[in-house]
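Trainee: Here is my input; please provide its structure:
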Amino acid sequence: MTEDERLTEDEIKLYDRQIRLWGFEAQTRMRNSRILLINLTSIGVEIVKNLMLGGIGSLTICDSSIVLEQDLNVNFFINSNDVGKVKVESSFNKIKELNPRVELKYELRDYNSIELNDYSLIIATGLDLPQLIELNKKSRLLNIPLYACSTHGLYGYMFVDLITSETCKKYESNEKKEGMKLDSNTEIIKINKIIENDLNFDNCIIKCDFKPIDNLLIGDKFSHLSAKKLKKITPLLPILIALSCFKSQINKSIDEISISFNDLKLKSIDVCNSLKLPISILDDDDELIQQIANQAYCEFQPVSAILGGTISQEVINMLGKRELPINNYLILDGVNNEMPIFNL
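Mentor: The predicted structure is shown next:
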């Protein structure tokens, strides 16, 4: 590590509480991170706030959209005088005030025109599935972790592709063994014996392999589950994946957003077939499908705060290498107060 990559004394004092919480190494990695955020949506605003205050090294926001009246309810960096202006330009100064030490930049170009290899992490908000598939292909070629997310009224999702990650986690001695599979994508590759307060522990290095987003609708994901376990799978899974298959409608006026119930239901059935989920999972859920069709791309600040906080914490965990990452698809159900995770 070069002198420029180390935390300065002033930074150590500034981030003292955070260093106590997630460690010196994690804070140093945050300080040296170069993050690209695509679209300053409501959830993007929350992520920006959390990462700026967390002390990342560099943040570039890519967004050329114009401030709409509805944005005033979900973006605390703007006010009514900014309606009709470029969103990221109107938000820039207030974002910078959160932490002047962060190198903050913005791009008005389409994200496809940006050199992605300038970044160590990409967070995409509001993109549809075809857009994410193409972005994920590029991020994988460059070995850059990708987080993708979107919110729809009281619902939302997060997709994670870290490609491969290694995490250090402590267990009671002899509880785990090298080569042990924690699940189909997670394996203990090394164990170091340690003693803390006269107690023996195994410090395990755990490797997690991730799948690209174009794998979502490929392969047999659920047919091996018992009928009892299948009943526990939320219908939100096929419905939200189905919604992401439609062209993204972010940065549109609420009155202009249109997703038909019939189209969303048919696509949800297609997703069930692709995932090998029984179509019966959608039985008696016409009301839910209609609700999500009505709420598509509607931004609700409390939901964005929860999901944005989750993503921000995941980024910190990933950089700190101290907690197992979410792998790989999380759903936020704001009606039932649940956040189930699926390995797709």
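
Trainee: residues of the longest helix that the chain contains that come out buried?
Mentor: In the chain, assigned by DSSP state H, the helix with the most residues is helix 301-320. Neighbour counts over helix 301-320 (16 or more other C-beta atoms under 10 Å) mark 301, 303-308, 310-312, 314-320 as buried. (Glycine included, C-beta is placed from N, CA and C.)

Trainee: Can you name the next helix or strand after it?
Mentor: Using DSSP states H and E, the helix or strand that follows helix 301-320 towards the C-terminus is strand 329-333.

Trainee: ok, which stretches of the stretch 51-200 of the chain are strands?
Mentor: 58-62, 103-107, 121-125, 146-152, 155-161, 164-172, 181-183, 186-196, 199-209 (DSSP state E, counting those that start in this stretch).

Trainee: Contacts only, for residue 214.
Mentor: 133, 136, 137 (C-beta atoms under 8 Å, 6 or more residues apart in numbering).

Trainee: The first one against residue 213, yeah?
Mentor: Spelled out, that is residue 133. Yes. Residue 133 lies in contact with residue 213 (C-beta atoms under 8 Å); the separation is 5.8 Å.

Trainee: what about those two, which has more around it?
Mentor: The residue with more neighbours, out of residue 133 and residue 213, is residue 213; 25 against 15, by other C-beta atoms under 10 Å.

Trainee: And that one, how far from residue 123?
Mentor: 14 Å (C-beta to C-beta, to the nearest Å).

Trainee: overlap in contacts of those two?
Mentor: In terms of C-beta under 8 Å, 6+ apart, residue 213 and residue 123 are both contacted by the residues 146, 148.

Trainee: one step back: pick the one among the contacts of residue 214 closest to residue 267.
Mentor: residue 133 (15.9 Å; C-beta to C-beta).

Trainee: For residue 282, the count of nearby residues, please.
Mentor: Neighbour count of residue 282, defined by other C-beta under 10 Å: 19.

Trainee: With residue 196 instead?
Mentor: 9.

Trainee: and it, what are its bridge partners?
Mentor: Beta bridges link residue 196 to residue 199 when assigned by DSSP bridges.

Trainee: pLDDT value on it, please?
Mentor: Listed pLDDT for residue 196 reads 77.

Trainee: Run through this protein and note the low-pLDDT ranges.
Mentor: 1-5, 14, 20-24, 175 (pLDDT under 70).

Trainee: residue at max distance from the center of it?
Mentor: residue 198 (39.1 Å; C-alpha atoms, centre = their mean).

Trainee: Quick check: the gap between residue 109 and residue 62.
Mentor: As judged by C-beta to C-beta, residue 109 and residue 62 stand 7 Å apart.

Trainee: For the two, work out which one has more neighbours and name it.
Mentor: residue 62 (23 against 9).

Trainee: Spit out the contact partners of the more buried one.
Mentor: 36, 37, 38, 39, 106, 107, 109, 111, 114.

Trainee: how about 10 Å then?
Mentor: 36-40, 44, 88, 105-114, 122, 124 (C-beta atoms under 10 Å, 6 or more residues apart in numbering).

Trainee: and what of residue 66?
Mentor: 82, 83, 84, 85, 86, 87, 90, 251.

Trainee: so the second one makes contact with residue 90?
Mentor: Okay, so that is residue 83. Yes. Checked against C-beta atoms under 10 Å, the pair residue 83 and residue 90 is within contact range at 9.1 Å.

Trainee: These two: which has the busier surroundings?
Mentor: Shown here are residue 83 and residue 90; by other C-beta under 10 Å, residue 90 has more neighbours (21 against 15).

Trainee: and the more buried one, how far is that from residue 36?
Mentor: The gap separating residue 90 from residue 36 is 20 Å, by C-beta to C-beta.

Trainee: Same check on residue 62?
Mentor: Counting by C-beta to C-beta, the separation of residue 62 from residue 36 is 6 Å.

Trainee: Name the residues of stretch 278-291 that come out as buried.
Mentor: Those would be 278, 281, 282, 285, 288, 289, 291, for stretch 278-291 by 16+ other C-beta under 10 Å.

Trainee: List of residues touching that stretch?
Mentor: With contact meaning C-beta under 10 Å, 6+ apart, stretch 278-291 is reached by 152-155, 222-223, 225, 227, 230-231, 233-239, 242-243, 259-262, 264-265, 267-273, 275, 292, 335.

Trainee: Those residues in helices, which ones?
Mentor: 227, 230-231, 236-239, 242-243, 261-262, 264-265, 267-273, 275, 292.

Trainee: any idea where the helices of the stretch 1-150 of the chain begin and end?
Mentor: Using DSSP state H, counting those that start in this stretch, the helices found in the stretch 1-150 of the chain span residues 9-14, 16-22, 24-31, 42-54, 87-98, 129-141.

Trainee: Looking at these, spot the one closest to residue 186.
Mentor: Go through the helices of the stretch 1-150 of the chain one by one with C-beta to C-beta and the one that ends up closest to residue 186 is helix 129-141, at 19.1 Å.

Trainee: Which elements pack onto that closest one?
Mentor: If contacts are counted by 3 or more C-beta pairs under 10 Å, 6 or more residues apart in numbering; DSSP states H and E, helix 129-141 sits against strand 34-38, strand 121-125, strand 146-152, strand 155-161, helix 236-244.

Trainee: do that again at 6 Å, thanks
Mentor: strand 146-152 (3 or more C-beta pairs under 6 Å, 6 or more residues apart in numbering; DSSP states H and E).
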